[in-house]
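In: Could you look at this predicted model? Sequence included:
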Amino acid sequence: MKGTSYARPCATHGCSRSAWTQYARYCNRCRQRRQKHGHPEQVPVRRTTELKKYLKRVKRLLQRGNMEKIEAHLRAVAARIEEAVRSPEAVAAPMGVNRWKQKAVDEILRVLGDTDPVKSGITVAAVFLMRDQDHRRFVDDTAFDFELVRLWRSQTRLNFGSYWNQETDKVVATYRPLPRGVVKAIEPYLTAAYSRFASYVITAFKKDLARQTALRTSLDEGFAPLLAD
């Protein structure tokens, strides 16, 4: 019937907007958030605030070890990623070349060429440490994967655009998201390459927490008689 509205509510819990088309599940805002963060309900992890805390923790832990050996390992990891994505198998598909894989390869090489391999490894480890210590921060595994890729890509300004905000009279930087298929193709490289290092960092962090807890307990027990007097 003429004039009938086919709009339906957005599928995101708590969103009161209508789906952006009659065939879509999400409103335009939730659709964009899903593409950028993996899930429409995923709140983005802020690099300059949230992740910064975990970056400091990882750096502090690593400084207690053999930094020369750690840095050599992270450079080797970056080299292995580059070698892997340059292989013909990286873009292979049953009918030739997978376009999402090809774009993922191009993006990985672009980021590797514009970032420091040591800082990249520390960034990835910090994201994994965040999930270990605050798993509810990520809505699901897909949201974690997307945030991991986004934060890794955010190391370079190549992945940001800019526009002039007339209200604030300032230039605003904006992150350039990738298609979901490309993000899903990038994530396995990061997870496979850095999982061992991330596991090392998480184990070291938990041991450090255990030592601090034991020290506080020992101090409390030692001071107990004095405080009782």
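Out: The structure has been received and is ready for your questions. Treat the numbers as computed from the prediction; the structure is a model and nothing was measured.
In: How is the most centrally placed residue in the chain assigned, secondary-structure-wise?
Out: Taking CA atoms, centre = their mean, the centroid of the chain lies closest to residue 148, which sits 1.8 Å from it. Using DSSP: H, G, I helix; E, B strand; the rest coil as the criterion, the local structure at residue 148 reads helix.
In: Correct me if wrong: it contacts residue 190.
Out: Yes: in this structure, residue 148 is within contact of residue 190 by CB atoms under 8 Å, at 6.1 Å. From N, CA and C alone the C-beta is placed, and that goes for glycine too.
In: Overlap in contacts, the two.
Out: Applying CB atoms under 8 Å, 6 or more residues apart in numbering, one finds that residue 148 and residue 190 are jointly contacted by residue 124.
In: how much space between residue 105 and residue 185?
Out: The spacing between residue 105 and residue 185, counted by CB to CB, to the nearest Å, is 8 Å.
In: now do residue 36
Out: According to CB to CB, residue 36 and residue 185 sit 16 Å apart.
In: Between those two, which is the more surrounded one?
Out: Between residue 36 and residue 185, counting by other CB atoms under 10 Å, residue 185 is the more crowded of the two (24 against 19).
In: what about that one, helix or strand, and which?
Out: Using DSSP states H and E, residue 185 sits within helix 180-228.
In: same deal with residue 32?
Out: helix 28-37.
In: List the buried residues of that helix.
Out: Buried residues in helix 28-37, defined by neighbour count with 16 or more other CB atoms under 10 Å: 30, 31, 33, 34, 35, 36, 37.
In: any idea which of those is closest to residue 170?
Out: Minimum separation from residue 170 among the buried residues of helix 28-37 (CB to CB) is found for residue 36, which lies at 22.0 Å.
In: which SS class is the closest residue to the closest one other than its chain neighbours?
Out: Counting by CB to CB, 6 or more residues apart in numbering, residue 36 lies nearest to residue 177, which is 4.2 Å off, once chain neighbours are set aside. Following three-state DSSP, we place residue 177 in the coil state.
In: isn't residue 177 right next to residue 35, touching?
Out: Yes: in this structure, residue 177 sits in contact with residue 35. The criterion is CB under 8 Å, and the distance is 5.7 Å.
In: for the helix or strand hosting residue 69, packing partners?
Out: Secondary structure assignment for residue 69, by DSSP H and E: helix 67-85. Other helices and strands packing on helix 67-85, by 3 or more CB pairs under 8 Å, 6 or more residues apart in numbering; DSSP states H and E, are helix 99-114, helix 117-133, helix 180-228.
In: Next, the buried residues of it.
Out: Counting neighbours by 16+ other CB under 10 Å, helix 67-85 gives 70, 71, 73, 74, 77, 78, 81, 82, 84, 85 as buried.
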